[in-house]
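Chemist: Pasting the sequence and the predicted model now:
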Amino acid sequence: MQEGKPAPNFELLANDGNSIHLDSFKDKKNIVLCFYPKNHLFACPSKKVFKMAESVISSYSNIISTNTEIFAISVDTVEDQAKFVKEYDIPYLHLSDTKRYLQKICWIKFCWVSKALYVYY
């Protein structure tokens with residue numbers, strides 16, 4: 001994926017069990033895709049990712065007031081995503097990309113150092 005280019009369409013399951021199709025938001029909402037490697041990685045670099053997530057959570061009401069929706073994406077299962085969202089009271093959906101489909105087509109690679117990547121649609 002390149003800057004200025006639209007994100008590719010995808011369909012992934014969310015932590016609430018619903019299927020999310022990116023194209024269903026086209027010309028309706030701004031979309032922010034937040035990629036991260038896996039839930040509950042509490043190694044040192046992951047703490048930085050969690051701090052970034054906390055800032056998104058605390059700003060969520062301001063973000064959605066701009067007609068924007070956020071989706072966090074990792075390789076965790078839908079069930080793991082649901083537990084994670086409930087445990088940390090996260091207000092936005094987490095999508096399950098267990099086969100790394102979206103990571104592959106977006107050329108997203110995580111090295112051993114945990115990173116988060118934010119993509120805007």
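Modeler: It's in. Numbers count the residues shown, from 1 in each chain.
Chemist: How about the contacts made by residue 13?
Modeler: Taking C-beta atoms under 8 Å, 6 or more residues apart in numbering, we find residue 13 in contact with 19, 20, 78, 95, 96. Every residue, glycine included, has its C-beta placed from N, CA and C.
Chemist: Check the burial of the third one by counting its neighbours.
Modeler: Residues near residue 78, counting by other C-beta atoms under 10 Å, number 18.
Chemist: Next, give phi and psi for it.
Modeler: Phi and psi for residue 78, reported as degrees, to the nearest 10, are phi -60, psi -40.
Chemist: next one: the first one
Modeler: Dihedral angles phi and psi of residue 19 (degrees, to the nearest 10) take the values phi -90, psi 130.
Chemist: re the thing from before, quick one: which of the contacts of residue 13 is the most crowded by neighbours?
Modeler: Among those, residue 95 has more neighbours than the rest - 25 neighbours, counting by other C-beta under 10 Å.
Chemist: Ignoring the adjacent residues along the chain, who's closest to that one?
Modeler: residue 12 (4.1 Å; C-beta to C-beta, 6 or more residues apart in numbering).
Chemist: how near is residue 38 to residue 79?
Modeler: Using C-beta to C-beta, to the nearest Å, residue 38 is found at 14 Å from residue 79.
Chemist: Kindly apply the preceding question to residue 59 instead.
Modeler: Between residue 59 and residue 79 the computed distance is 28 Å (C-beta to C-beta).
Chemist: for residue 104, same thing?
Modeler: According to C-beta to C-beta, residue 104 and residue 79 sit 23 Å apart.
Chemist: Please apply the same query to residue 85.
Modeler: 11 Å.
Chemist: and these two? which has more neighbours close in?
Modeler: residue 85 (19 against 11).
Chemist: Let's verify the more buried one: helix, strand, or coil?
Modeler: In terms of secondary structure, residue 85 is helix; the call rests on DSSP: H, G, I helix; E, B strand; the rest coil.
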